[in-house]
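**Q** Sharing a model prediction with you, sequence too.
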Protein chains: 2
Amino acid sequence: MRDSLVRAAFRLFLDRGFEQTTIDDIVSLAGVGRRSFFRYFPSKEDVVFPDHDGCLAEMTAFLRDSPADGDPVAQVCDAARLVLRMYAADPLFSVQRYRLTREVPGLRAHELSVVWRYERALAGHLRERGAGRADGALRADVVAAAVVAAHNHALRTWLRAGGEGDVQAAVDEALGYVARSFAPRQHDAGTDGVVDADEEVVVLLARRGTPLWRVVRDVEGALGER
Amino acid sequence: MRDSLVRAAFRLFLDRGFEQTTIDDIVSLAGVGRRSFFRYFPSKEDVVFPDHDGCLAEMTAFLRDSPADGDPVAQVCDAARLVLRMYAADPLFSVQRYRLTREVPGLRAHELSVVWRYERALAGHLRERGAGRADGALRADVVAAAVVAAHNHALRTWLRAGGEGDVQAAVDEALGYVARSFAPRQHDAGTDGVVDADEEVVVLLARRGTPLWRVVRDVEGALGER
DNA sequence: AAGGTGATGGCACTCAGTACCCTTGATTAT
DNA sequence: ATAATCAAGGGTACTGAGTGCCATCACCTT
């Protein structure tokens, strides 16, 4: 039933356009009552994203069951890969949907809501698991946004290419970039050497050729400063 | 006219809720014709974000006129600060709007569209100015998303607090975190201490409390290893 | 057989948004 | 001064999404 509605809807959307298709067109093609459409999809836009509710549930379950002592950023990247798997499972459908969402402003807006829910799930996980760290909430929001952006960048490049090529590898590379950018880095000192008072680690940068006595003096200062 | 519509709309939205207010309610309170509402606002949601079109135009102009030899990331952060200035210019209005968008799903979706346009503007600038770099498009999307997330994190913390406190400082700190995360980095050391053979800089990590003799030994090794 | 239950269809309604046309008032050309 | 023009607003009627309510039907229980 759901499926026949989705198929009828896509046939019409691709044929005459999203806005030129009414709910009555869909239900008459699918051979069901108009009222039943809204039993399965809360809005006309939702029929374009029929699998995202399930995918979000899958993602939240995955995050909930992930080990508490693992790397939260890596877990969130794996969660993004779950979404990718859904897209990759039906490339033709994904490409058609992508073209629709590119053209129809209403669908683009709806897709943003869908993506937003994923992002909030990721950020919530990072917030819980990364607790204790200073600026944990900020970090959670930023990393979640970056992971989603990287995932979508690779995914959309693949979709624009018509679903040809290795999405998996592209997403891995994009997520790798994000993971590297947010890898534990105690400090990105500008010039000399700095102590981050909130962390358990001291970082010292020295230009090659720096006299050892100066390095030792700075290390000593940094380590003693706690 | 625009302004009287906005004031009437907000009075009703805050009083009886967004969905419980019809366009007719708004125009009759404002004393204008129903048709005129849609001359000023393309949809009911848009009346809640009356100033974002102008702010987006201001942002694009700012980015267009920014020096070509400057740091694109810093420019994009400054562009985000333009948006913040708009919110901070009328704290009461911003807080009221925030509470509305938190409660009403339709407004939340619309806000996502608004934010999305800002993010695309930032990403477009980064893509143009950061050209040449490997993975420039990916980096542009990720950095833009991170900047927007950081901005929104600080902004919403302030809005949740009722508009009390120093937003400017909070956003500066959040953007600083992003800028640091994506700053050119010599090495993303893993655990102990690493030498990047291609760079002129040595990075050494040490846990607090590490005996100094061990630190010195490692520094010596690293500096001498060239 | 009687009654309950869940899925579906039909009908009527509200309301956002649009197309089309009218009014008004100010400005300008002749 | 009068006519032409044009911009700004108003009014009316329409489409179509989404909702509430009720009827229907199949299936299942007792």
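**A** Happy to help now that I have it.
**Q** Give me the contact list for the helix or strand containing residue A:102.
**A** Per DSSP states H and E, residue A:102 falls inside helix A:91-103. Contacts to helix A:91-103, defined as Cβ atoms under 8 Å, 6 or more residues apart in numbering or on different chains, come from residues A:10, A:13-14, A:17-18, A:48-49, A:87-88, A:107-108, A:111, A:156, A:159-160, A:162-163. From N, CA and C alone the C-beta is placed, and that goes for glycine too.
**Q** Do me a favour and average the pLDDT over the helix or strand containing residue A:107.
**A** Assessed by DSSP H and E, residue A:107 sits inside helix A:105-129. Helix A:105-129 shows a mean pLDDT of 97.
**Q** Any part of it near DNA strand D?
**A** No. Shown here: helix A:105-129 not in contact with DNA strand D (Cβ under 7 Å from any atom of the strand), separated by at least 8.7 Å.
**Q** what angle sits between that helix and helix A:91-103?
**A** 110 degrees (axes from the mean of the first three to the mean of the last three Cα atoms, to 10 degrees).
**Q** Can you list the buried residues in helix A:105-129?
**A** A:107-116, A:118-119, A:121-123, A:125-127, A:129 (16 or more other Cβ atoms under 10 Å in any protein chain shown).
**Q** so for the helix or strand just after it, what's the average pLDDT?
**A** Following helix A:105-129 in sequence order, the next helix or strand is helix A:136-160 (DSSP H and E). For helix A:136-160, mean pLDDT rounds to 97.
**Q** ok, how many other residues are close to the closest residue to residue A:111 other than its chain neighbours?
**A** In this structure, residue A:111 finds its nearest non-sequential neighbour in residue A:101, 5.1 Å apart by Cβ to Cβ, 6 or more residues apart in numbering or on different chains. Around residue A:101 there are 23 other residues, counting by other Cβ atoms under 10 Å in any protein chain shown.
**Q** Same question for residue A:48.
**A** Residues near residue A:48, counting by other Cβ under 10 Å, number 24.
**Q** And the one 5 residues further on, by the same measure?
**A** Per other Cβ under 10 Å, the neighbour tally for residue A:53 reads 12.
**Q** Quick one: residues contacting residue A:36.
**A** So residue A:36 contacts A:1, A:27 (Cβ under 8 Å, 6+ apart).
**Q** how much space between it and residue A:18?
**A** 20 Å (Cβ to Cβ, to the nearest Å).
**Q** next one: residue A:27
**A** 16 Å.
**Q** One more: residue A:28?
**A** 17 Å.
**Q** of these two, who's got more company?
**A** residue A:18 (20 against 13).
**Q** which residues touch the more buried one?
**A** A:48, A:100, A:103, A:104, A:106, A:107.
**Q** Now the fourth one: closest residue in space that isn't a chain neighbour?
**A** Using Cβ to Cβ, 6+ apart and skipping the chain neighbours, the partner closest in space to residue A:104 is residue A:18 (4.5 Å).
**Q** what stretches of chain A score poorly on pLDDT?
**A** By pLDDT under 70, the low-scoring segments of chain A are A:185-226.
**Q** Can you tell me, leaving aside adjacent residues, what's nearest to the residue nearest the centre of it?
**A** Central residue of chain A (Cα atoms, centre = their mean): residue A:148, 2.4 Å from the mean position. Excluding the flanking residues, the one nearest residue A:148 by Cβ to Cβ, 6+ apart is residue A:119, at 4.8 Å.
**Q** on that earlier part again, helix B:136-160 and the helix holding residue A:107, what's the angle between them?
**A** 70 degrees.
**Q** in stretch A:54-66, what counts as buried?
**A** A:55, A:56, A:58, A:59, A:60, A:62, A:63, A:66.
**Q** what about it and chain B, touching?
**A** No. Stretch A:54-66 lies out of reach of chain B by Cβ under 8 Å from any Cβ of the partner chain, never closer than 15.2 Å.
**Q** Counting only strands, which of the buried residues of stretch A:54-66 make the cut?
**A** Per DSSP state E, strands hold no members of the buried residues of stretch A:54-66.
**Q** Output those residues in TSV; the columns should cover distance to DNA strand C.
**A** What follows is the buried residues of stretch A:54-66, written out as TSV (distance: Cβ to the nearest atom of the strand, whole Å):
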residue	distance to DNA strand C
A:55	22
A:56	22
A:58	22
A:59	25
A:60	24
A:62	27
A:63	29
A:66	33
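**Q** Go through the residues you listed and say which is closest to DNA strand D.
**A** Nearest to DNA strand D out of the buried residues of stretch A:54-66 is residue A:56 (Cβ to the nearest atom of the strand; 19.6 Å).
**Q** tell me which parts of chain A are close to DNA strand D?
**A** Counting by Cβ under 7 Å from any atom of the strand, chain A sits next to DNA strand D at A:21, A:22, A:23, A:24, A:34, A:35, A:38, A:42, A:43, A:44, A:45.
**Q** Same list, these, but as TSV with distance to residue A:2, neighbour count and secondary structure please.
**A** Output for these, formatted as TSV (distance: Cβ to Cβ, whole Å; neighbours: other Cβ atoms under 10 Å in any protein chain shown; DSSP: H, G, I helix; E, B strand; the rest coil):
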residue	distance to residue A:2	neighbour count	secondary structure
A:21	18	20	coil
A:22	19	12	coil
A:23	15	17	helix
A:24	18	10	helix
A:34	15	12	helix
A:35	15	9	helix
A:38	12	14	helix
A:42	13	9	coil
A:43	14	12	coil
A:44	14	20	coil
A:45	15	20	helix
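**Q** In CSV: these, plus distance to chain B.
**A** Output for the residues of chain A next to DNA strand D, formatted as CSV (distance: Cβ to the nearest Cβ, whole Å):
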residue, distance to chain B
A:21, 20
A:22, 19
A:23, 19
A:24, 23
A:34, 22
A:35, 21
A:38, 16
A:42, 10
A:43, 10
A:44, 14
A:45, 10
